[in-house]
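# I'll drop the sequence and a predicted model, then ask my questions.
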Amino acid sequence: MELIKMRKAINDESKIPRDKELNPNLNKPLSLQVSKDIIQTHQNPFIKANTKSVSLSHLKKDCTVPVFSKDNEVTISHNQFIHSAMKAVMDTLGVELTRPEIRISHQIKGRTPDAIHIPANELLDNQKTIYYERMAWISRVPSITAEIGGNLVALTIGGVRAYNHENLYSKKSFEKFKFFIGFQNMVCCNLCISTDGYKGELKADNTVDLHSKVRELVTSYNTDQQLERMLRLERQAMSDSQFATLIGRAKLFQFLPKKQKLKLPELLLTDGHFNVIAKDFYKNESFCRNDSGDISMWKVYNLFTGANKSSYIDTFLDRNENAFSFAEGISKAINGDSDYRWFLS
């Protein structure tokens with residue numbers, strides 16, 4: 001039976017309720033109903049890199065599901081992960097979600113047994129098999145939004161499944177997923193993920209277990225707390241000279257001796273990301289510096305998350321969460337009270 005029952009589309013964004021108060025105690029079970037409404041423009045995906053967009057039905061109907069080779073036990077499929085996580089969020093928060101946006105990469109091709117001896121260029125569609133090694137997805141809660149620095153942000157959930165993090169040559173064991181609940185900046189579609197709303201290694205051995213662990217994370221997440229933390233970034237400004245020092249130090253960080261690097265806070269964005277960040281400081285229409293050369297830490301943070309869109313799926317969420325911690329640390333370092341002072345010295 002199909003889990004997703006589609007609702008009538010809401011095409012007028014003005015009809016979407018704003019700033020609904022989140023009720024963490026609302027646990028009434030619901031059937032999974034997904035609104036077709038998409039607030040963002042389709043030309044600006046939440047991740048780019050080498051990914052492409054696919055539908056949930058494609059994952060369910062057209063893709064094979066890998067197994068653990070030693071016992072032939074099936075893995076939790078990409079579409080089962082999405083269904084279980086979305087159902088868990090709806091059961092916990094009592095809200096409706098938008099249709100999931102799904103990005104995939106690293107297609108694994110195969111063929112049916114009857115096509116073993118057929119040349120690749122002569123294979124029929126029904127003789128080909130595919131699945132995707134890496135998959136990322138998001139879904140928004142369009143009824144829960146706020147405004148930060150003039151940008152509309154919407155409560156958003158999502159996750160990543162990467163089969164390259166599994167040992168498929170062994171017997172079935174706990175499988176690894178990444179899941180988050182946070183916000184999406186609707187101006188640029190960048191994700192805003194904090195440590196409190198992110199589980200970088202969520203282990204489950206079946207969909208019931210997965211559903212339960214997603215509910216646990218969603219229940220503990222504090223929406224108001226993350227919004228307040230993002231507002232603090234918006235209130236803190238950085239000068240152009242401080243920004244230049246930050247870029248230089250961040251680039252040097254990549255080449256520090258290991259012992260020295262271990263004494264500093266973690267930074268997962270790479271030299272290539274900071275090249276993009278430096279360019280966007282001047283050229284990004286939404287998050288560039290102002291006329292006096294200053295820039296708010298909210299804008300700096302969005303330069304970080306914008307550059308992170310070029311990351312591969314399996315590192316994307318880890319770097320996104322780290323970008324938030326790094327932005328907060330730099331914001332405190334501007335006032336001289338943070339372990340991140342090295343990046344501005």
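Arrived safely, thanks for sending.

# gap between stretch 231-247 and the chain center?
Between the mean C-alpha location of stretch 231-247 and the chain-wide mean there is a distance of 24 Å, by C-alpha atoms, centre = their mean, to the nearest Å.

# end-to-end on that stretch?
Here the two ends of stretch 231-247 are set 23 Å apart, with distance taken as C-alpha to C-alpha, to the nearest Å.

# and for stretch 228-244?
Between the opening and closing residues of stretch 228-244 we find a distance of 27 Å, counting by C-alpha to C-alpha.

# chain center to stretch 267-276, what's the gap?
Averaged over its C-alpha atoms, stretch 267-276 has a centre that lies 18 Å from its chain's centre (C-alpha atoms, centre = their mean).

# quick check: mean pLDDT of that stretch?
When pLDDT is averaged over stretch 267-276, the result is 97.

# over to stretch 286-296?
pLDDT averaged over stretch 286-296 equals 96, rounded to a whole number.

# buried set for that stretch?
Within stretch 286-296, the residues scored as buried using 16 or more other C-beta atoms under 10 Å are 286-287, 289, 295-296. The C-beta positions use only the backbone N, C-alpha and C, and glycine is treated the same way.

# which strands or helices does the lengthiest helix in the chain pack on?
Assignment by DSSP state H gives helix 313-334 as the longest helix of the chain. Taking 3 or more C-beta pairs under 8 Å, 6 or more residues apart in numbering; DSSP states H and E as contact, the helices and strands that helix 313-334 lies on are strand 101-111, strand 128-148, strand 151-162, strand 175-185, strand 191-192, strand 198-204, helix 223-235, helix 297-307.

# just put these in JSON lines and tack on distance to Ile247 and mean neighbour count.
Written out in JSON lines, the entries for the helices and strands packed on helix 313-334 read as follows (distance: least, C-beta to C-beta, whole Å; neighbours: other C-beta atoms under 10 Å):
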{"stretch": "strand 101-111", "distance to Ile247": "28", "mean neighbour count": "17"}
{"stretch": "strand 128-148", "distance to Ile247": "23", "mean neighbour count": "21"}
{"stretch": "strand 151-162", "distance to Ile247": "23", "mean neighbour count": "24"}
{"stretch": "strand 175-185", "distance to Ile247": "22", "mean neighbour count": "24"}
{"stretch": "strand 191-192", "distance to Ile247": "22", "mean neighbour count": "27"}
{"stretch": "strand 198-204", "distance to Ile247": "26", "mean neighbour count": "17"}
{"stretch": "helix 223-235", "distance to Ile247": "18", "mean neighbour count": "16"}
{"stretch": "helix 297-307", "distance to Ile247": "10", "mean neighbour count": "25"}
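
# domains for the protein, by residue range?
In the domain annotation for the chain, the residue ranges read 5-222, 236-344 (automatic domain parsing).

# lowest-confidence stretch among those?
Among the domains of the chain, domain 5-222 has the lowest mean pLDDT, at a mean of 85.

# measure the residue nearest to Thr305 when sequence neighbours are not counted to Ala323 for me?
Leaving out its chain neighbours, the residue that sits closest to Thr305 by C-beta to C-beta, 6 or more residues apart in numbering is Asn190, at 3.9 Å. The spacing between Asn190 and Ala323, counted by C-beta to C-beta, to the nearest Å, is 9 Å.

# kindly report the same for Gly158.
Counting by C-beta to C-beta, the gap from Gly158 to Ala323 is 16 Å.

# over to Ala162?
When C-beta to C-beta is the yardstick, Ala162 and Ala323 sit 19 Å from each other.

# from Cys63, how far off is Ser77?
When C-beta to C-beta is applied, the distance between Ser77 and Cys63 equals 8 Å.

# residues contacting Lys213?
Shown here is Lys213, whose contacts under the criterion C-beta atoms under 8 Å, 6 or more residues apart in numbering are 199, 202-204.

# follow-up on the earlier one: turn the helices and strands packed on helix 313-334 into a markdown table, columns for distance to Leu256.
As requested, the helices and strands packed on helix 313-334 are exported to a markdown table (distance: least, C-beta to C-beta, whole Å):
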| stretch | distance to Leu256 |
| --- | --- |
| strand 101-111 | 31 |
| strand 128-148 | 30 |
| strand 151-162 | 28 |
| strand 175-185 | 27 |
| strand 191-192 | 28 |
| strand 198-204 | 24 |
| helix 223-235 | 26 |
| helix 297-307 | 20 |
